[in-house]
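Visitor: I need the structure of the sequence given here:
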Amino acid sequence: MAVIDDDPSMLRSVERLLNANGFVTEGYSSAEAFLNEAQTGRFRCIVLDIHLGGMSGIELWHRLKQGGTSPPVIFITAADDETLERAAIKAGCVAYLHKPFRAESLIAAINSAPRRS
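Guide: Reported below is the predicted structural model:
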């Protein structure tokens, strides 16, 4: 499972939470780092901050989909933007969580993500 967030403390927190719940994670501080370093097609799910420095989370998701790699995505954000939320949900994200979110909400969203073969 990939976790992408440009806030180092949030990235660490999400990774620790997921690791404590039995998920293996790889953390990335930007969309660009993910594209440059990750084998994008092997992730069961991506936990992705929408507002990253540089390429946004939405832009990354669209790029992955255009490239034929579209793992389930759970967006996390501190912004309260109903238009963006509706667009992300309409585009098919698994969940859209507002920071700070409950640990149980993230775990439930991951567990509801479609399994990839």
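Visitor: Just the helices from this protein, written as ranges.
Guide: 8-20, 31-37, 57-66, 82-91, 103-112 (DSSP state H).
Visitor: Of all those, which one comes closest to residue 2?
Guide: helix 31-37 (6.4 Å; Cβ to Cβ). Yep, even glycine has a C-beta here, placed from its N, CA and C like the rest.
Visitor: before we move on, the earlier item: deepest in the core, which of the helices of the chain is it.
Guide: helix 57-66 (a mean of 18; mean count of other Cβ atoms under 10 Å).
Visitor: Can you measure across stretch 2-14, start residue to end residue?
Guide: With Cα to Cα, to the nearest Å applied, stretch 2-14 spans 10 Å between its terminal residues.
Visitor: partners of the spatially closest residue to residue 46 that is not a sequence neighbour in the sheet?
Guide: Sequence neighbours aside, residue 2 is the residue nearest to residue 46 in space, at 4.6 Å (criterion: Cβ to Cβ, 6 or more residues apart in numbering). Beta bridges link residue 2 to residue 26, residue 46 when assigned by DSSP bridges.
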